[in-house]
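Undergrad: Structural data only, the sequence is not supplied:
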């Protein structure tokens, strides 16, 4: 009996020793680093920040409008644009930087169909004939080489712009005046530096409502420069 007990004890010691060795070879479990409040936290990858955000078309969840059909049962081709709320006679240039191009839509809103695009990798000047709710009806668009517009359509105003000049012929450095209304006798909303780049909000006749940093106002035709490749006098 003594011999059996001794051997059993020896074998038990050997088995226990082997278990210790196996446990020592196992990799240690990772323990989450404690947070400031003493709770374990899970490490996450740093969030990527997009530093190249640009103005884009507003989005709309409403269904795409359909053109009225005056002939029941007949196919009708919708015209390129609805009647604009404002009639305009101004020019501007494309400031959109989307490599896919500037959308030209069949109506004044992002839920109207895209009927074409204007290039954004070359200078393009557009002729504006109307506006509705921040959208501009364009009937011509020229790059340095060709007409880029197949048919009149609507583009989002803040993706178009002009540079400013000054009507003050006695002072070459005179600032540009922005008015509170499209009227030269209206109060002055702000003055901004000559040769400033501004984006479009609205138009009325040959006036443009523009935005420059924190200043918004109406810009007279004589202080608008729609040349995309050079400044105006």
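TA: The structure has been received and is ready for your questions. This one's a predicted model, so the numbers in the text were calculated from it and none came from an experiment.
Undergrad: Show me what residue 188 bridges to in the sheet.
TA: Residue 188 forms beta bridges with residue 179, as assigned by DSSP bridges.
Undergrad: how much space between it and residue 171?
TA: 16 Å (CB to CB, to the nearest Å). All C-beta atoms are positioned from the backbone trio N, CA, C, and that covers glycine.
Undergrad: Also residue 193?
TA: Residue 193 sits 13 Å away from residue 171, going by CB to CB.
Undergrad: The two - which one has more neighbours?
TA: residue 193 (12 against 9; other CB atoms under 10 Å).
Undergrad: Please report how far the more buried one lies from residue 179.
TA: Distance of residue 193 to residue 179, computed by CB to CB: 17 Å.
Undergrad: what does residue 115 give?
TA: As judged by CB to CB, residue 115 and residue 179 stand 34 Å apart.
Undergrad: and what of residue 82?
TA: 28 Å.
Undergrad: now do residue 104
TA: Taking CB to CB, one finds residue 104 at 30 Å from residue 179.
Undergrad: do residue 170 as well
TA: Taken as CB to CB, the span from residue 170 to residue 179 is 20 Å.
Undergrad: more neighbours, these two?
TA: residue 179 (19 against 5).
Undergrad: Compute the first-to-last residue distance for stretch 183-190.
TA: End-to-end distance of stretch 183-190: 14 Å, with CA to CA, to the nearest Å as the criterion.
Undergrad: what does it rub up against?
TA: 177, 178, 179, 180, 181, 212, 215, 216, 217, 218, 220 (CB atoms under 8 Å, 6 or more residues apart in numbering).
Undergrad: What residues of that stretch count as buried?
TA: Buried residues in stretch 183-190, defined by neighbour count with 16 or more other CB atoms under 10 Å: 189, 190.
Undergrad: what are the ranges of the strands in the protein?
TA: Ranges of strands within the chain are 86-94, 102-105, 114-118, 125-132, 135-142, 153-156, 160-164, 176-179, 188-192, 197-204, 207-212, 215-219, 224-225, based on DSSP state E.
Undergrad: Export those strands as a markdown table, with columns for mean pLDDT.
TA: Shown next, in a markdown table, are the strands of the chain (pLDDT from 0 to 100):
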| stretch | mean pLDDT |
| --- | --- |
| strand 86-94 | 97 |
| strand 102-105 | 98 |
| strand 114-118 | 97 |
| strand 125-132 | 98 |
| strand 135-142 | 97 |
| strand 153-156 | 98 |
| strand 160-164 | 97 |
| strand 176-179 | 96 |
| strand 188-192 | 96 |
| strand 197-204 | 97 |
| strand 207-212 | 97 |
| strand 215-219 | 96 |
| strand 224-225 | 97 |
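Undergrad: would CSV of those with distance to residue 57 be doable?
TA: Formatted as CSV, those follow (distance: least, CB to CB, whole Å):
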stretch, distance to residue 57
strand 86-94, 13
strand 102-105, 6
strand 114-118, 10
strand 125-132, 14
strand 135-142, 9
strand 153-156, 5
strand 160-164, 12
strand 176-179, 25
strand 188-192, 26
strand 197-204, 13
strand 207-212, 16
strand 215-219, 20
strand 224-225, 23
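Undergrad: Out of these, the one nearest residue 58 is which?
TA: Among the strands of the chain, strand 153-156 comes nearest to residue 58, with 7.3 Å by CB to CB.
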